[in-house]
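Novice: the following block contains a protein sequence and its predicted model.
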Amino acid sequence: MQEEIESVMDAVRKHHKLYENALPLIASENITSNAVRILLASDLSHRYAEGDVGNRFYQGCKYIDDIEEHAISYAKELFAAEHVNVKPTSGVNANIAALFALTLPGDKMMALSVPDGGHISHSRYSVPAIRNLRLEELPFDPKEMNIDVDKMEKEIKEKKPKLILLGGSLFLFPHPVLEAKDAADEVGARIVYDASHVLGLIAGKKFQDPLREGADVVTSSTHKTFPGPQGAIILCKGAFKDEIDEAVFPGTVSNHHLHHIAGLAVTLMEMMHFGTEYASQIISNAKALAQGLYEEGFEVLCEHKGFTESHQIAVDVRGYGGGDAVAKKLEKANIITNKNMLPFDKAPEEPSGIRFGVQELSRIGMKESDMREIASFLRRVVIEEEDETKIKEEIMELRKAFQHVQYCFDGKNGYKFPEKIESIYKG
């Protein structure tokens, strides 16, 4: 029995070691502060608190109520939201709740296709199918890597959907919420904005403000540019409070992962203090990496627009074997990324792109000069096909200077946890 347990522990240790020595460039991941990690391992992870603050189906929840109230209060302040629900356990769960709250079976909705950057939960095989909605694809301009505004406005007026879902998975530039709102009002449609990838940039006031621009509901996971625990959040106008809350509980959530709520509360506070600086650095790093890759000879999309206004960079790697081959080659050098479909991949056997995200490297303190060095590593692996083992050693040397989470209360100058946090685990 001891050997079996140790084998699991050993795999975890190896995983930690890998990421301590790697360059994580996956656009959908991030790392939490140490304070949040402590809370994720707290007794809250053992508990249930079905129901709402002050009205639970379980006893022993008075401190849980306090934690949830703090998370909601911080989120309302940070995002200037009239109503907040912190119970969804994933971005997909949040999207399910939003669509159930705002549509009826048989209604028509519009969203981006997956090859055009839409998330898999926006596709006809996922949330729309669960709700039995008729899905129409939003028109996309691959040259601009964004929704085609003129065609979108025309199609909204012609097709008269009940719901328009903006946001996406490949998300380089702000989406046209204002323009969609004008057309949506004309046909009586509601707008949901999936902010999962860009919530941290929104929190830092460096991307767009979908609620002010006209979105009725904002759904989001909480662990991409927003560097919190895995989970989700829904922000909405007060007019939709009851529909959203009922669609979340009891509609799609029972227990809502209380340790994540505590971690979310702390991350919200971190973003209130450090979010603007963090979001600014993310965008600066993304632009620096994109420019570096372009100068190193890569085909980086949207050079005419400065490549990106988010944490993401999209690179066409068809000339190097496609996204899967390139991602596997990079992994051998301790560069962690993932293959990605690009707008010309309507039915690909092999996705042709790589989507890089710089939010996690920014979180550990890397700056523009580090991005240029990383661009050089990528050229040497992908274009020049140098020995990955040699480059891996250089990457491990680079990572030695970046082992602490920044933009948080425990990442500045060896910050020491208050005794009251440490005492959670003392008998």
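Specialist: Ah, there it is.
Novice: pull out the buried positions in the longest helix along the chain.
Specialist: Counting by DSSP state H, the longest helix found in the chain is helix 258-295. By neighbour count on 16 or more other CB atoms under 10 Å, the buried set for helix 258-295 is 258-271, 274-275, 278-279, 281-294. Bear in mind the C-beta positions are built from the backbone N, C-alpha and C, glycine included.
Novice: which residues touch V92?
Specialist: Contacts for V92 (CB atoms under 8 Å, 6 or more residues apart in numbering) come out as S121, S126, V127.
Novice: quick check: next helix or strand after the host helix or strand of it?
Specialist: Assigned by DSSP states H and E, V92 falls within helix 91-102. The first helix or strand that comes after helix 91-102 along the chain, using DSSP H and E, is strand 108-111.
Novice: point out where the stretch 251-400 of the chain drops to low pLDDT.
Specialist: 347 (pLDDT under 70).
Novice: looks to me like I164 is in a strand.
Specialist: Yes: the assignment for I164 is a strand, going by DSSP: H, G, I helix; E, B strand; the rest coil.
Novice: just checking, what packs against the strand ranked longest in the chain?
Specialist: Secondary structure of the chain per DSSP state E: the longest strand is strand 227-236. If you count contacts as 3 or more CB pairs under 8 Å, 6 or more residues apart in numbering; DSSP states H and E, strand 227-236 packs onto helix 34-40, helix 62-79, strand 83-85, helix 91-102, strand 217-223, helix 241-248, helix 258-295.
Novice: in helices, which of the contacts of V92 fall?
Specialist: Those of the contacts of V92 lying in helices (DSSP H): V127.
Novice: hmm, which of the contacts of V92 are the buried ones?
Specialist: Applying 16+ other CB under 10 Å to the contacts of V92 flags S121, S126, V127 as buried.
Novice: hmm, the last one is touching L99, no?
Specialist: Yes: with contact defined as CB atoms under 8 Å, V127 reaches L99; the gap is 5.5 Å.
Novice: same question for the longest strand of the chain, mean pLDDT?
Specialist: Regarding strand 227-236, the rounded mean pLDDT is 98.
Novice: what about dumping the CA coordinates of that strand to PDB?
Specialist: What follows is strand 227-236, C-alpha atoms only, in PDB (Å, rounded to 0.1, in the frame of the first residue of the first chain):
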ATOM      1  CA  PRO A 227      -4.900  34.100 -11.600                       C
ATOM      2  CA  GLY A 228      -7.300  32.500  -9.200                       C
ATOM      3  CA  PRO A 229      -8.200  28.900  -8.300                       C
ATOM      4  CA  GLN A 230     -10.100  26.800 -10.900                       C
ATOM      5  CA  GLY A 231     -13.700  27.700 -10.800                       C
ATOM      6  CA  ALA A 232     -16.000  30.400 -12.300                       C
ATOM      7  CA  ILE A 233     -18.000  33.600 -11.800                       C
ATOM      8  CA  ILE A 234     -21.000  35.300 -13.300                       C
ATOM      9  CA  LEU A 235     -21.400  39.000 -13.400                       C
ATOM     10  CA  CYS A 236     -24.700  40.500 -14.500                       C
END
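Novice: buried set for whichever strand or helix holds A183?
Specialist: For A183, the host element (DSSP H and E) is helix 177-187. Neighbour-count burial for helix 177-187, counted by 16+ other CB under 10 Å, picks out V177, E179, A180, K181, A183, A184.
Novice: show me the contacts for the nearest residue to the fourth one once chain neighbours are set aside.
Specialist: Counting by CB to CB, 6 or more residues apart in numbering, K181 lies nearest to G214, which is 2.9 Å off, once chain neighbours are set aside. Applying CB under 8 Å, 6+ apart, one finds that G214 lies in contact with V177, L178, A180, K181, D182, A184, I191.
Novice: would CSV of the helices and strands packed on strand 227-236 with distance to E50 be doable?
Specialist: Below are these laid out as CSV (distance: least, CB to CB, whole Å):
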stretch, distance to E50
helix 34-40, 20
helix 62-79, 11
strand 83-85, 14
helix 91-102, 15
strand 217-223, 21
helix 241-248, 12
helix 258-295, 11
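Novice: minimum distance to A49: which of these has it?
Specialist: Taking CB to CB, helix 62-79 is the member of the helices and strands packed on strand 227-236 nearest to A49, at 4.7 Å.
Novice: E385: how many residues sit nearby?
Specialist: 10 (other CB atoms under 10 Å).
Novice: buried residues, stretch 336-345. List them.
Specialist: Result for stretch 336-345 [16+ other CB under 10 Å]: buried residues I336, T337, N338, K339, N340, M341, L342, P343, D345.
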